[in-house]
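Visitor: When you get a sec, could you give me coordinates for this:
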Amino acid sequence: MNPRLKFGLVTGVIVGVLGWLAIDGIEANATYYVTVKELHAMENPNAERRLRVGGDVKENSIIRKADSVAFTITQEDTELQVVYVGRDPLPDTFRNGAQALCTGRLRDDQVFEARQIQAKCASKYEATPGEGSAPVYSAEPVESKASL
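Guide: All right, here's what the predicted structure looks like:
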C-alpha cells in the first residue's frame with residue numbers, strides 16, 4: 001500500500017473520530033431553555049436532562065433553610081416550585097419580583113431542583129414609558145445680549 005494512501009486513511013479516521021466525539025460532547029452538555037409555561041406543557045420532561053427555566057420570583061415565596069433555598073417562579077398565571085441546592089451564594093439581585101434563570105432538573109414530585117441561579121433586578125435600570133426621552137432642542141437662533 002502506498003505510504004501517502006496510508007497516511008490519508010489514518011488522518012481521515014482520526015478526523016472522523018474527533019468530529020464524532022465533539023458532536024457527541026456538545027449534545028450531552030446541551031442545556032435547554034424553557035419558560036415556566038413551556039415546562040408545564042411538556043408531556044414528559046426528562047428528569048435526567050438539564051434544563052434552564054426562566055420566570056419571575058413570586059412575592060414573599062423565598063424560604064431560606066440551612067442547606068437550600070425554596071421559592072416559586074411565575075410566568076403570568078403559571079407557577080413552579082424551585083429548590084436551590086447549589087454551593088454558590090445566591091446573586092445580590094435575587095429577591096422578590098426579580099427575573100430568575102434556574103439551571104437544574106425537574107424532579108418526579110414536580111419541584112425544580114436548581115444547581116445554579118442567575119437573577120436580574122426587576123426593572124431597576126429600565127426607563128418607564130415617557131421618561132428618559134431625548135431632550136428637545138429649538139432650531140431658532142438665540143439672540144445675544146452682549147453688546148459689541
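Visitor: hey, let's count contacts and neighbours off CA atoms from now on
Guide: OK.
Visitor: Isn't A114 up against R87?
Guide: No - using CA atoms under 8 Å as the test, A114 is too far from R87 to be in contact (10.6 Å).
Visitor: Looking at these two now, which is surrounded by more residues?
Guide: Each of A114 and R87 has its neighbours counted (other CA atoms under 10 Å); A114 has more, 24 against 10.
Visitor: Who are the contact partners of that one?
Guide: Neighbouring residues of A114 by CA atoms under 8 Å, 6 or more residues apart in numbering: V82, V83, Y84, V85, G86, C102, T103, G104, R105.
Visitor: Just want the most central residue of this structure.
Guide: L101 (4.3 Å; CA atoms, centre = their mean).
Visitor: Skipping its backbone neighbours, what lies nearest it in space?
Guide: The shortest distance from L101 to any non-neighbouring residue, by CA to CA, 6 or more residues apart in numbering, is to G54 (4.4 Å).
Visitor: The one you found and L39 touch, don't they?
Guide: No - G54 lies out of contact with L39 (CA under 8 Å); the separation is 10.0 Å.
Visitor: who has more neighbours, the two?
Guide: Taking neighbours as other CA under 10 Å, G54 and L39 compare with G54 leading, 23 against 18.
Visitor: what mean pLDDT does the helix or strand containing that one have?
Guide: Per DSSP states H and E: G54 is located in strand 51-57. Averaged over strand 51-57, pLDDT sits at 90.
Visitor: and that strand, what does it pack onto?
Guide: Helices and strands touching strand 51-57, by 3 or more CA pairs under 8 Å, 6 or more residues apart in numbering; DSSP states H and E, are strand 32-35, helix 36-41, strand 69-75, strand 99-106.
Visitor: ok, of the ones you listed, where does mean pLDDT dip lowest?
Guide: Mean pLDDT is lowest for strand 32-35 among the helices and strands packed on strand 51-57, at a mean of 78.
Visitor: Could you list the alpha-carbon positions for that one in PDB?
Guide: Output of strand 32-35 as PDB, limited to C-alpha atoms (Å, rounded to 0.1, in the frame of the first residue of the first chain):
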ATOM      1  CA  TYR A  32     -32.400  23.600  27.000                       C
ATOM      2  CA  TYR A  33     -34.000  26.900  28.000                       C
ATOM      3  CA  VAL A  34     -37.800  26.800  28.600                       C
ATOM      4  CA  THR A  35     -40.300  29.100  30.200                       C
END
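Visitor: Since that was my last question, I'll sign off now.
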